[in-house]
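K.L.:
coordinates for the following, if possible.
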Amino acid sequence: MSVLTAVVLGLVQGIAEFLPISSSGHLAIAEHLLSIQGASNVPDFFDVLLHLGTLVAVFAAYWDDIRDMIVEFFAGIGDLAHHRTPNPVPPARRLILLIIVGTLPLFVMVPFRRFFTELSD
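P.N.:
Numbers count the residues shown, from 1 in each chain. Predicted coordinates for the structure are as follows:
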């Protein structure tokens with residue numbers, strides 16, 4: 001894979017990641033349009049690095065919010081241990097609670113994991 005191809009795929013990943021579209025799907029389309037499809041031309045490791053780069057960019061862009069959530073997570077544990085309730089609840093603590101509540105439906109699907117895996121094969 002050439003450096004130009006890597007740059008183009010990196011740009012596609014970077015642009016598509018923050019839009020409400022599938023960045024992985026757009027990478028596959030770009031690989032097809034650039035005639036570089038196939039595991040030998042675009043190794044899986046390169047795709048992983050593209051996504052890792054996106055993760056680093058997200059952490060850089062949202063670091064203040066992430067740091068606030070980490071601090072509030074441990075402050076919340078301390079408040080629970082001392083039976084305290086802050087008034088008003090800090091926004092970062094509320095966000096942590098919303099993330100936890102939003103993740104709960106995933107655990108309902110865990111028993112059906114094998115079914116969905118077999119369905120996709």
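
K.L.:
which strands or helices does the least confident helix or strand in the chain by mean pLDDT pack on?
P.N.:
Of all helical and strand segments in the chain, the minimum by mean pLDDT, DSSP states H and E falls on helix 23-33, at a mean of 76. Judged by 3 or more C-beta pairs under 8 Å, 6 or more residues apart in numbering; DSSP states H and E, helix 23-33 is in contact with helix 3-17, helix 44-61. Yep, even glycine has a C-beta here, placed from its N, CA and C like the rest.

K.L.:
can you do 6 Å?
P.N.:
Applying 3 or more C-beta pairs under 6 Å, 6 or more residues apart in numbering; DSSP states H and E, we find helix 23-33 packed against helix 3-17.

K.L.:
gap between Asp65 and Ile99?
P.N.:
Plainly put, Asp65 is 11 Å away from Ile99 if you go by C-beta to C-beta, to the nearest Å.

K.L.:
need the contact list for the residue most central in space within the chain.
P.N.:
Taking C-alpha atoms, centre = their mean, the centroid of the chain lies closest to Leu55, which sits 6.7 Å from it. Leu55 makes no contacts at all, as judged by C-beta atoms under 6 Å, 6 or more residues apart in numbering.

K.L.:
give me the low-pLDDT residue ranges for the chain?
P.N.:
1, 36-42 (pLDDT under 70).

K.L.:
domain ranges for it?
P.N.:
As recorded under automatic domain parsing, the domains making up the chain are 3-61, 63-120.

K.L.:
from start to finish, how long is the last one in a straight line?
P.N.:
I take that to be domain 63-120. 36 Å (C-alpha to C-alpha, to the nearest Å).
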